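Participant: quick one, what's the 3D model for this:
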Amino acid sequence: LSVTAHASFPASEIFGVKLVNGYPTEALITFANEEESPVTVNFIGGSLSAVEGESSQIVRNLTAHRYSVEIPAGQQESVSYSFATEMHPQDLLLTLASVISDTDGNLFTLYAYNGTVSVVEPETSIFDPQILFLYFFLLACFSGVVYFFYTVWIAPYFPQKRRAGKGPEYKKSAGASKKEAPVEAPSSPAVSSATTYNAEWIPAHHINRPEARKVKGSAKA
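Facilitator: Purely as a prediction, here's the structure:
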């Protein structure tokens, strides 16, 4: 079958293909059909294998995507294939393969890429919400430890300050109580009635008492 496939990575660096954990990796697979009849791209998939050893052991199979893209005779067509990884940083062997069919329904497997890639962690930034939360949590824990150490081991060795204001306030209140003027009792109506009286109802002969006459005694011889 005169059909070729070649994979390229638009976001890859000059020093090699890197698979960033948690982020999709896009592979652009270009098919060139040199047949006299059209062919159809049915599936594209792949796998990640260990590099060490003669017989590479498959570490992870990549999800296969269905396309059903027809490529006319003598034409080229590019198909995008994306996948994501969540693995420990390491070097692996990436294999990308496609399954195509001709007009008679015959199936063929074409390998588009077979090379070493590096699995890496994403670059961290100080403005990342997870990093900011981690910094805040560590700062809160450190503050709590410092406060506990100060209250248990340092604060007891310092003299406690006396509470100001109680002595003068107590003296002021005591002086004010002494300077309070004595409360005069209201005049009792019983006392006033005893000292003052109404003379209209008293008989006149009791008021105008006759004066006692002086009696001269006769001298005895």
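Participant: now stretch 4-18 - C-alpha only, CSV.
Facilitator: The C-alpha trace of stretch 4-18 is given here as CSV (Å, rounded to 0.1, in the frame of the first residue of the first chain):
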residue,chain,number,x,y,z
THR,A,4,2.8,7.0,4.3
ALA,A,5,2.2,8.6,7.7
HIS,A,6,4.4,11.1,9.6
ALA,A,7,3.8,12.6,13.0
SER,A,8,5.0,16.0,14.2
PHE,A,9,4.5,17.9,17.5
PRO,A,10,3.8,21.6,17.0
ALA,A,11,4.4,22.4,20.7
SER,A,12,7.6,20.4,21.1
GLU,A,13,11.0,21.9,21.8
ILE,A,14,14.2,21.6,19.8
PHE,A,15,15.7,19.3,22.4
GLY,A,16,13.0,16.6,22.1
VAL,A,17,9.3,15.9,22.7
LYS,A,18,8.1,16.5,26.3
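Participant: per the record, what domains does the protein have?
Facilitator: Using automatic domain parsing, the domains assigned to the chain come out as 3-120, 124-157.
Participant: deepest-packed of the ones you listed, please.
Facilitator: Looking across the domains of the chain with neighbours counted as mean count of other Cβ atoms under 10 Å, the highest average goes to domain 3-120: a mean of 15. For glycine as for every other residue, the C-beta is placed from the backbone atoms N, C-alpha and C.
Participant: can you pull out the low-pLDDT segments for the protein?
Facilitator: For the chain, applying pLDDT under 70 flags the ranges 53-55, 125-128, 160-221.
Participant: make it 90
Facilitator: Applying pLDDT under 90 to the chain flags the ranges 1, 11-16, 51-57, 122-137, 147-221.
Participant: name whatever forms a beta bridge with residue 79.
Facilitator: Counting by DSSP bridges, residue 79 forms beta bridges with residue 29.
Participant: ugh, wrong one, residue 94
Facilitator: Assessed by DSSP bridges, residue 94 has beta-bridge partners residue 48, residue 115.
Participant: begin at 48 from here
Facilitator: In the new numbering, first residue 48, that becomes residue 141.
Participant: which ones are touching it?
Facilitator: Residue 141 sits next to 64, 66, 93-95, 160-164 when contact means Cβ atoms under 8 Å, 6 or more residues apart in numbering.
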